[in-house]
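> generate a structure from the sequence data that follows.
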Amino acid sequence: MSSGTGITDADGHPVPVTVTAGEHLPVTVTAGAPDPAPRVGIRLTPPAGELLWSCTPEAARELAAALLRAAEETENAPAERPVTVEAGELRRGDVRDGDRAMTVESARTDGSTVHVTWKSGAGRSWTQAYAADAAVTLKRRLPEGR
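I've put the predicted structure just below:
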């Protein structure tokens, strides 16, 4: 990882992050004792000084999973207010406003009809047809080109 990752300190300054595989925890090894278990090293270098952490591969996976869940929750959080677009402008990743999460998998225009394939949070998919100018209210819209 590099300083362009978007990770910042509390003051908004970029924080370079380095992650290394196979680091060993610095410990005193007695004669005949096995080598310490390999660990994942994490180095953060904010302006205030360097932070060095290490963890087991299992803990690194748990951290990665927690970060992924937090990223998805953040991206799926409702915007300040819903946005309404015409069905013909729907794009992959748009999330429909409503009680249940519905995400656009694809949208195909056939004349004045738009065929939108939705995917539910439970993983089910279905296709609905809309007039190209039908208003569809979205909870979240991904940035263009994503």
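> ok, Lys119 to Ser106 distance?
10 Å (CB to CB, to the nearest Å). No exception for glycine: its C-beta is placed from N, CA and C like everyone else's.
> what of Pro46?
For Pro46 relative to Ser106 (CB to CB), the value is 42 Å.
> same check, this time on Gly12
Note on Gly12: its distance to Ser106, by CB to CB, is 38 Å.
> for the residue nearest the centre of the chain, helix, strand, or coil?
Per CA atoms, centre = their mean, the C-alpha nearest to the average position across the chain is that of Ala71, at 3.8 Å. Here Ala71 is recorded as helix under DSSP: H, G, I helix; E, B strand; the rest coil.
> for Gly12, the count of nearby residues, please.
6 (other CB atoms under 10 Å).
> so it, which of the three states?
Put simply, Gly12 is coil when judged by three-state DSSP.
> could you pull up phi and psi at it?
phi 90, psi 10 (degrees, to the nearest 10).
> give me every residue that touches it.
By CB atoms under 8 Å, 6 or more residues apart in numbering, the contact list for Gly12 is empty.
> could you check the pLDDT of it?
Predicted confidence (pLDDT) for Gly12: 83.
> what residues of the helix or strand Trp118 falls within count as buried?
Trp118 belongs to strand 113-120 when elements are defined using DSSP states H and E. Judged by neighbour count (16 or more other CB atoms under 10 Å), strand 113-120 contains these buried residues: 114, 116, 118.
> next, format the residues you listed as TSV and append distance to Leu51 and pLDDT.
Shown next, in TSV, are the buried residues of strand 113-120 (distance: CB to CB, whole Å; pLDDT from 0 to 100):
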residue	distance to Leu51	pLDDT
Val114	50	96
Val116	46	96
Trp118	43	94
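> kind regards, and thank you for your time.
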